[in-house]
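Colleague: please work out how this folds:
(chains A and B)
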Amino acid sequence: MQPSAISFLPSVIGPHRSSKKYSVILSGAERAKQSSAQPKDPYKLIYPIGRVQAFSQVTAALLVLLVAALATTSSLAQNAIALKGGRLLTVTHGTIENGTIVMQGDKITAVGPARSVTIPANAQVVDVTGMTIYPGLIDSETQLGLTEINAEQMTNDLVELSDEIMPHMHVYDAFHAESALIPVSRLNGITNAIVAPESQDTIPGQDSFIQLAGRDATEMLLIRDIAMPINFTGDQRRNKGGFDKRKFPSTRMGLIAQMRQALLDARDYQAKWADYERKKSEGPAPGEDKTKGADKSKEDKSKKSPPMAPKRDLKLEALLPYLDGKKTIVLAAENPSDLETIVHFANEFHLKFVLNHISHSQPVLDYVASLKVPVIVGPIYEAPKDDERYDAVYSLPAQLYKRGVKIAFASYSAHNVRNLPDAAGFATAFGLPYDEALKAITLNPAEIWGVADKLGSLDAGKTANVVVANGDPLDMKTDVKQVYIEGKAIPMTSRQTHLRDEYSK
Amino acid sequence: MHRFARLVTLLCVATAITFAAGQSSGHRDVVIRNATVMTVSHGNIKNGSVYIRDGKIAAVAEAVSVPAGATVIDAQGKYLTPGIVDSHSHIALDDDVNEATSPVTPQMIMKDAFDYQDKAIYRALAGGVTTSLLLHGSANMIGGQAVVIKHKFGDKRDQLLFPSAPGSIKFASGENPKRVYGGRDQLPSTRMGNFAVQRAALVEAQDYMKEWDVYNDKVRRGDKDASPPKHDLKLEALADVLRGKLMVQIHCYRSDEMLTEMAMAKEFGYNLRAFHHALEAYKIADQLAANNVGIATFADWWGYKNEAWDAIPWNAVMAMRKGVRVAIKSDSEDYTRRLNQEAAKTIRYGGATEEEALKMITINPAWIIGVDDRVGSIDVGKDADLVIWDGHPLSSTGVPSKVLIDGEVYFDRSLPGFGTTHYKEGE
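Modeller: Numbers count the residues shown, from 1 in each chain, chains lettered A, B, ... in the order given. Modelled structure (predicted):
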């Protein structure tokens, strides 16, 4: 029994803990007891931690420790869970009414109509009749783990404002796995997210792709430095205050010139290193004897000196994978002019990019479509300009979809990540087909972020990130009953449910 | 014969136009038919109709007789609700929200800053909002006097002012005044300072009232040498608070501060109408109910500052279940455009019924503003502020199709351009 096991009991408000310990609680005698006590609500089966906490006594803690200690074997963790009889929104192959999904280990192993799916003999079967089952939702831009209380500066690690070009800022270095915001978010079915620095710099750092559960930051940070934002919305200008307070770059010209110089510097830096590596691989001249004494200094002058390694520059180094087109740039602009400027800039350096926001680019959507890149769209709640109709931004996802653009939604938030599906639902009121809206928070982001082999749909072989809810995932009235991440039932508790329960007594 | 038929048709059309203009009876008659009427006050009526005469609701029933010349709107089975009431808004003030140069500025009158052409009024209208309370911000302990507007976008300024709405004044507490004045090394910089400033201002107003009482008494007794005290706008406004002429709307987050504010309202005897934000109301809901103090809160905002850290999305319903009048408000140019969806969240968080959820954006905020006898439900005699919805109003896909204020269509989604009827683009 590791001492740390104690911590998982009260800290379910933080990230979830060892899978083994969960499985123990899920599948032991305790569960059988609960199941007979609560035969009508299948969900009582699968959030036993909440029930254990309801005891809120030391005895409860001891009980859990005891059960955990009794069964740390891995066989139980491999037990299959079958969700039977639900309405499955598979995303890739339509809706299956009365379907069954089987999860084993951290994977989905079967998805199909209830009559045709074979449930393994040892599986825990959960009756989800009347429930809607869908893949874990993916939020394409958040600040999860970078802030706790916005107004308390010491809890913020959002953006480094000391310079505008900060590619060597890695959000994984600040990512706070125990953030109270993460359980609040995942309770609404958000299982994966991009964490990005805030956008006041043109290049504020590099994004990470996270899973909203795991023992610690290492487990939760699925892909570090997955992408890098380049922001060009005008907000990056250092032009606040009077002329005396301005500093470079205070204009768009300045921002572009500065970035262009940085990318040229990175190219030079890369060339220097390539040159060094080439020289080094060539090695010392044949027959050269370094131990030879007397005339050494004289001889050395005639020969080439050994290559000197260039000084490492973390900032320029960080730009190289993007300069080489190996990683994706998230190119943010709002207005048509900014959009075209920054796309030209990206093309000048042959950068690989997706677009972000384009909230006020309605006049150039055909141009956007011609770029053949995905768009992280919104927030669709961005206010229209005064000369725009009230729904100019609400209808943007539909407008893009009509032109064949692949879209994904983002909450662009930390505290309100849980409301990601509401935006997708709202977009359907302005012409986005329902299936496309669901895709834009599941499969599309999975494809954009290069994880569609593991995430984004209910398909055998994918990671078992599965949500059980009492209705339409895109409607805010829908209550999420259970979230599975990597096949494990997540405790449906958060700091907020604890406060609710405390004051409901 | 053919020609005659055409003539008859033409005559009919002409007659219809005349009737539509309501000239025949001298009244403006409108009938909305074939709607699912969500009255808020007395349940839903399927295939219901609402008859409007001269801007007021004249009948609500399954079927109403259509007077000759009435304009008929076929709602095609869609939902019809009262216009949304936003009890906490700062739109249309062009950033003149805080006179943050002194912590006590009750003489500030928001109407003086009201920009009736602000497009935010239109965007809220398109979201179904027909009435808003425009409040001073929370930089000051005592901010200023609010203005109630109707979202008759495109009309002249005075048409947008809610006629003879009762007065409200904004108080604040907690972090904002602390930060604003503490940041300048001024009083208040603590919650102790906050309440001391508030209490001192009220005591000063009491003294001011006494001075005037003494003077008036002298005049009454025929003392011709009596000299009147100086007229002080600031203290005059606070005296109106103490006289109960202004309802007090208090920006307050923490439960302890709400308790202090309620005690102070009792001490000085003023009308504490509602706490705004009130994110910890769920901790003291029974006491709020006992004092008949409403709350205007967010559905699920939290964590943006320390005093919002204990916010939970169940707050609204937990307070409501204890008997508190709960409004969901926007405090935001953004959220005011979709308050219906914010209200819908209370169904998920705590299990409000549709009617309870709808009350939180209609009759309850109307009560907070003090206009619940005029708007906030579909009842005979009330202003015909109504919304016809595409989709269910309490869902992600609920968006206004038509919005009527005082019986006139001000927004129609099916129209090109802005969808406005009283505002023309480029004006």
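Colleague: closest point of chain B to chain A, which residue?
Modeller: When scored by C-beta to the nearest C-beta, chain B has B:Ser396 as its residue closest to chain A, at 2.9 Å. The way it works is simple: take the backbone N, C-alpha and C, and place the C-beta from them, glycine included.
Colleague: right, and that residue touches A:Leu432 too?
Modeller: No: assessed by C-beta atoms under 8 Å, B:Ser396 is found out of contact with A:Leu432, at 11.4 Å.
Colleague: on the three-state scheme, the closest residue to the residue of chain B closest to chain A other than its chain neighbours is what?
Modeller: Nearest residue to B:Ser396 in three dimensions, chain neighbours excluded: A:Gly425, at 2.9 Å (C-beta to C-beta, 6 or more residues apart in numbering or on different chains). At A:Gly425, secondary structure determined by DSSP: H, G, I helix; E, B strand; the rest coil is helix.
Colleague: below-threshold pLDDT in the stretch 151-300 of chain A: ranges please.
Modeller: The model of the stretch 151-300 of chain A has pLDDT under 70 over residues A:284-300.
Colleague: contacts for stretch A:233-247, please.
Modeller: Contacts of stretch A:233-247 with the rest of the structure, by C-beta atoms under 8 Å, 6 or more residues apart in numbering or on different chains, involve A:164, A:199-202, A:248-252, A:254-255, A:332-335, A:338, A:357.
Colleague: drop anything exposed from those.
Modeller: Among the contacts of stretch A:233-247, those classed as buried by 16 or more other C-beta atoms under 10 Å in any protein chain shown are A:164, A:199-202, A:249, A:252, A:254-255, A:332-335, A:338, A:357.
Colleague: what about these, which are in helices?
Modeller: Those of the buried ones among the contacts of stretch A:233-247 mapping onto helices are A:252, A:254-255, A:338, per DSSP state H.
Colleague: will you turn those residues into JSON lines that also has distance to chain B?
Modeller: What follows is those, written out as JSON lines (distance: C-beta to the nearest C-beta, whole Å):
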{"residue": "A:Arg252", "distance to chain B": "25"}
{"residue": "A:Gly254", "distance to chain B": "28"}
{"residue": "A:Leu255", "distance to chain B": "27"}
{"residue": "A:Asp338", "distance to chain B": "22"}
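Colleague: re earlier: can you tell me which of the contacts of stretch A:233-247 end up in strands?
Modeller: In strands, defined here by DSSP state E, the members of the contacts of stretch A:233-247 are A:332-333, A:357.
Colleague: ends of stretch A:142-149, what's the gap?
Modeller: Length of stretch A:142-149, first residue to last, C-alpha to C-alpha, to the nearest Å: 15 Å.
Colleague: still on that earlier bit, which two from the buried ones among the contacts of stretch A:233-247 end up farthest apart in space?
Modeller: Farthest apart among the buried ones among the contacts of stretch A:233-247 by C-beta to C-beta are A:Gly254 and A:His357. That separation is 21.1 Å.
Colleague: surely B:Val375 meets B:Ala366?
Modeller: Yes: with contact defined as C-beta under 8 Å, B:Val375 and B:Ala366 form a contacting pair (5.3 Å).
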